[in-house]
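Q: Here is a sequence together with a model predicted from it:
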Amino acid sequence: MRNSLQTVMIILAAAFLIAGCSSNNKGGNNSNRSPASNGGAPVGAVANSSCYNGRCLQTMPFSQIVDPQDYIYKNPNSFPYPSLRPQYQVPTHMIDLAYVNASWPLSKSFTVGDFMDYNHGRYAIFSPAVVNIMQDIQNDANTPIWITSGYRSPTHNAQVGGVAWSRHQYGDAVDFTSPSPNYSFLQSLCLKYDASFTLIYTNHIHCDWRKYPLDPAFYGSNAIHLNSLVKTTVVPPYGHYGTVKVPAQIVPLISRDGRFVRFSVTIKDVDLEGHLIYKWQVTTALEKKLASSHSSIELPIAQAPYKIDVVVGGFIHLQKTWPAQTN
């Protein structure tokens, strides 16, 4: 009898240990994602949360983040264009990715990890409106879209060579590509869905919605007041907030021997993070047509004057006559 009881106790102990190991391993290896478990994803809206198609992620006050040195934002009053300063506010709330799983879906095609990567910083923000727009672009493109960069903390932005005022820091910018990229078509979709700014690079496209109203989930009650300062004519579902005018110009440089002139483009205060595509179209004095896809074009002065037309990144369109015609 005693031996039978001992046998039963051993079997029960073994079963308990097996069940415990099975429970601890539930959800699989998540070492490359945020430390949240795969289960228990929040769904319903709660106070201080940002909601993505019914999935709500709780936010926390910006003042309570544990590594503030990685989230030092520039003063919006120092942004060079006063009319857009309301769009460059410091967030008041952020999502703590330690309690979020990167695999949780935010839309039909995109997950948390597509826009907010724990490996690049514990805290993040990203506009639910832009998530929805990217889903619409995905639907229209009829091809997979791979997001290469979403939210960046100020520190991570500096590490990857982002410009000081990059919209990636404000949660409404996306860099993406696709298996067989037709970047001109993808850019047209961004503009269809009211992107404020977009550029085509040789290996990806950047689109952002910097003129869109700020989300109160990340910018607090002041966001409503700040949004009223952005003069827009709202036309549902996305509105028409307009594109950003880019300060750029065609710059000539005459060679030392005086035989050639090289034209290039200077662009100011723009998120340049790679090699842009160029499309030069030049007409000579004898109406000869010249074209180039390089970042600059060199021409013999003897064939001047030139009528120059260049499109940079599929978005910045410049025209110039050289030498300038005078009356």
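A: Now that the structure is in, tell me what you want to look at.

Q: need the contact list for the spatially closest residue to G161 that is not a sequence neighbour.
A: Once flanking residues are discounted, G161 sits nearest to E273: 6.1 Å by CB to CB, 6 or more residues apart in numbering. (C-beta placed from N, C-alpha, C; glycine too.) Shown in contact with E273 (CB atoms under 8 Å, 6 or more residues apart in numbering): 160-163, 166, 175, 201, 206.

Q: Same question for Y73.
A: Neighbour list for Y73: 90-91, 154, 169 [criterion: CB under 8 Å, 6+ apart].

Q: Pull out the buried residues from stretch 208-227.
A: Residues of stretch 208-227 classed as buried: 208-220, 223, 226-227 (neighbour count, 16 or more other CB atoms under 10 Å).

Q: now swap in stretch 295-310 and tell me
A: Buried positions in stretch 295-310, judged by neighbour count with 16+ other CB under 10 Å: 297, 299, 301, 306, 308, 310.

Q: Identify the residue spatially nearest to the third one, adjacent ones excluded.
A: Nearest residue to I301, sequence neighbours excluded (CB to CB, 6+ apart): V261, at 5.5 Å.

Q: same for the helix or strand encompassing that neighbour, what does it pack against?
A: Taking DSSP states H and E as the criterion, V261 maps to strand 260-267. Under the contact criterion of 3 or more CB pairs under 8 Å, 6 or more residues apart in numbering; DSSP states H and E, strand 260-267 touches strand 248-254, strand 297-300, strand 306-312, strand 316-322.

Q: Please repeat the previous calculation with a cut-off of 7 Å.
A: Packing partners of strand 260-267 (3 or more CB pairs under 7 Å, 6 or more residues apart in numbering; DSSP states H and E): strand 248-254, strand 297-300, strand 306-312.

Q: nearest to Y241, of the buried residues of stretch 295-310?
A: For these, the minimum distance to Y241 (CB to CB) is 26.4 Å, reached by V310.

Q: quick one, what contacts that closest one?
A: Counting by CB atoms under 7 Å, 6 or more residues apart in numbering, V310 makes contact with 250, 265, 278-280, 318.
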